[in-house]
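Enquirer: Have a look; sequence and predicted model below, questions after that.
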Amino acid sequence: MKLTLTQRLSLVFAVLLLVCGGTSAWLQVRSSQMHELEVVQGLSRDLARHIAHDTVLMDSNGLMPGAVRELFSQLMLVNPSVEVYLLDTEGRIVGNAAPEGRMRRDNVDLAPIRQLLNGQPLPILGDDPRSVDGRKVFSAAPLQVNGKAAGYLYVVLLSEEHDRYAERGATSAALNTALLSIAVVALLCLIAGLTAFNLITRPLRRLTDTVSRFDIDGAPPPLPATSTPVDKSTDADEIAILDATFRHMQNRLGEQWRSLTRQDQERRELVANISHDLRTPLASLHGYLETLSLKDATLSPEDRRRYLGIALDQSRKVGGLAQSLLELVRLEHGFVQPVLERFSLIDLVQDIFQKFELSAEARQVELKAGFVPNLPTVWADLGLIERVLTNLVDNALRHTPQGGEIELDLKFQGSGVDVTVSDTGPGIAPELREGLFLRPFNIGGSRRDGGLGLRIVHRILQLHGRQIQLVDVTGRGATFHFSLPVDQQTAEQWLAQSMNRNHADK
């Protein structure tokens, strides 16, 4: 069975609490024992010295066994918690009142005795003669005979009788109360910890539920009215930051999903309208070529030339549409990147007017250019900007009636040159302006020529970091406006920003 994060955290916390509670209980018991040993040894520290001072245990011939045994028996009878031993100068036990077979050691380590006699901090534990490896608090005093060291009086302050009584009282009320207190505190801490973990992980569980309901393949939920940005500099905890980050990511995915849906719809419209625009000239081209093939012997030279001329016109339309489509694909998929250089817009406008001079005369449309002297040069891609102006003038020429005019104005404004292309045609109806530069062929079933050229213009200026706008000018038809930078630094900044936006969109 797999445990949830909350359950794992609770289990780890319970184990740590158990370990800490057990360690605390052990330390408390150990501290209590050490305190008791210190108190007992402190109170009885001079017991051996008083006994040695008031009792004669040795004479010039050495140990007085009778006196020793009588004294030891009296002391242990009066105070059963003590055991008295007589040691020589090497620490060997030379006198005791222990029952037969109860002794486990023949000598006692003198190092703790010297520490006690030198006034070292208590408690000091010495060897227990009635245990193989036991150590207990003691009192000790040196013995002398005729002014010479003869050994030590060694008094164990907690005898075997004391140990047996302590074992019988191991479940005393005091100990039970201490253990019960520790258990109650541990239980309260466990309840508080589990409650805290539940509160802390609640946002994480809510986020998990949100993530589990998120369908990456389906339509994302609608965006909230306002979206709070993620700010990691605030005092919000990590889970709150994670929740805000996920919601921000969900919003971004929703925006991208909607953008991709819109682009897919536009792509479908593009394919459908391209198919429509290709079908008409191709059908006309095929019809006239088929007529020439079937009626070649009966056609007069004038009809043959007329049919060939119409077929060539339709072929040029198909070729132009295919070229525009290829150019748009290269622009939108990043195959074309602007190469910035300094050039004169005035010279470029003159070249473009020369290109359309014959077409304008045939349509009886006047081409006008307006600019101030000493107009500064601009930084941009010469070939791409030429394509922009060519598309705009060609579009205006096809929609300007006979006797109308097309005007191209250049005006220096701050850090750039404003370019405005206007005509005296009917303009663009308000219902057709939505998505003017994104939907190249029709909106709501209304046919619009030149839309693919406007989309190419829009994409080229996007690559330069600029935008084209359709503006309303009194007395004019369709009027398009954009600007180009006059210094290299500004142009490179716009270009860099445009590349960053393109990478973000992808």
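Expert: Arrived safely.
Enquirer: Give me the buried positions along the strand or helix carrying Ala360.
Expert: Using DSSP states H and E, Ala360 sits within helix 357-363. The neighbour-count check on helix 357-363 (16 or more other C-beta atoms under 10 Å) flags 360, 363 as buried. For the C-beta atoms, the positions are set from N, CA and C on the backbone; glycine is no exception.
Enquirer: do the same with stretch 21-39
Expert: Buried residues in stretch 21-39, counted by 16+ other C-beta under 10 Å: 21, 25, 37.
Enquirer: Assign a three-state SS to the closest residue to the first one other than its chain neighbours, would you?
Expert: What sits nearest to Gly21 in space, not counting adjacent residues and going by C-beta to C-beta, 6 or more residues apart in numbering, is Ala186, at 4.1 Å. In terms of secondary structure, Ala186 is helix; the call rests on DSSP: H, G, I helix; E, B strand; the rest coil.
Enquirer: Against Leu180, how distant is Ala186?
Expert: 11 Å (C-beta to C-beta, to the nearest Å).
Enquirer: Between the two, tell me which one has more neighbours.
Expert: Neighbours per residue, other C-beta atoms under 10 Å: of Ala186 and Leu180, the larger number sits with Ala186, 18 against 10.
Enquirer: Go ahead and confirm that one touches Gly22.
Expert: No: the criterion here is C-beta atoms under 8 Å, and Ala186 misses it with Gly22 at 9.1 Å.
Enquirer: Give me the helices and strands touching the longest helix seen in the chain, please.
Expert: If you go by DSSP state H, the chain has its longest helix at helix 238-294. Applying 3 or more C-beta pairs under 8 Å, 6 or more residues apart in numbering; DSSP states H and E, we find helix 238-294 packed against helix 173-213, helix 301-332.
Enquirer: what's the helix or strand just after the last one in contact with?
Expert: Toward the C-terminus, helix 301-332 is succeeded by strand 341-343 as the next helix or strand (DSSP H and E). Residues from elsewhere that reach strand 341-343 (C-beta atoms under 8 Å, 6 or more residues apart in numbering): 377-382, 488.
Enquirer: What's the PyMOL line that selects buried ones from those?
Expert: Here is the PyMOL command that selects the buried residues among these (16+ other C-beta under 10 Å):
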select buried, resi 377+378+379+380+381+382
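Enquirer: Distance to Arg202 and pLDDT added to the contacts of strand 341-343, as TSV?
Expert: As requested, the contacts of strand 341-343 are exported to TSV (distance: C-beta to C-beta, whole Å; pLDDT from 0 to 100):
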residue	distance to Arg202	pLDDT
Thr377	64	89
Val378	59	90
Trp379	57	88
Ala380	56	91
Asp381	56	91
Leu382	62	92
Gln488	56	77
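Enquirer: Now do stretch 198-210: distance to the chain's middle.
Expert: 17 Å (C-alpha atoms, centre = their mean, to the nearest Å).
Enquirer: From the chain's centre, how far out is the strand or helix carrying Leu408? Work that out for me.
Expert: Assessed by DSSP H and E, Leu408 sits inside strand 405-413. Centroid separation between strand 405-413 and its chain, computed with C-alpha atoms, centre = their mean, is 51 Å.
Enquirer: Listing partners with orientation, what would you give for that strand?
Expert: Using DSSP bridges, strand 405-413 pairs in its sheet with strand 366-371 (parallel), strand 416-423 (antiparallel).
Enquirer: List the buried residues of it.
Expert: For strand 405-413, the neighbour count (16+ other C-beta under 10 Å) marks 406-410, 412 as buried.
Enquirer: and what of stretch 305-318?
Expert: 307, 310-311, 314, 317-318.
Enquirer: likewise stretch 464-477?
Expert: Buried-residue list, stretch 464-477, by 16+ other C-beta under 10 Å: 464-466, 468, 476-477.
Enquirer: Can I get that stretch as PDB, trimmed to CA atoms?
Expert: C-alpha atoms of stretch 464-477 as PDB (Å, rounded to 0.1, in the frame of the first residue of the first chain):
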ATOM      1  CA  HIS A 464      11.800  44.500 -37.600                       C
ATOM      2  CA  GLY A 465      10.100  44.800 -34.300                       C
ATOM      3  CA  ARG A 466       7.500  47.300 -35.700                       C
ATOM      4  CA  GLN A 467       3.800  47.300 -36.300                       C
ATOM      5  CA  ILE A 468       1.700  48.500 -39.200                       C
ATOM      6  CA  GLN A 469      -1.600  50.300 -38.500                       C
ATOM      7  CA  LEU A 470      -4.700  51.100 -40.500                       C
ATOM      8  CA  VAL A 471      -5.600  54.700 -39.700                       C
ATOM      9  CA  ASP A 472      -8.500  56.900 -40.600                       C
ATOM     10  CA  VAL A 473      -7.800  60.100 -42.500                       C
ATOM     11  CA  THR A 474     -10.600  62.400 -43.600                       C
ATOM     12  CA  GLY A 475     -11.000  62.500 -47.400                       C
ATOM     13  CA  ARG A 476      -8.800  59.500 -48.000                       C
ATOM     14  CA  GLY A 477      -9.400  55.800 -48.500                       C
END
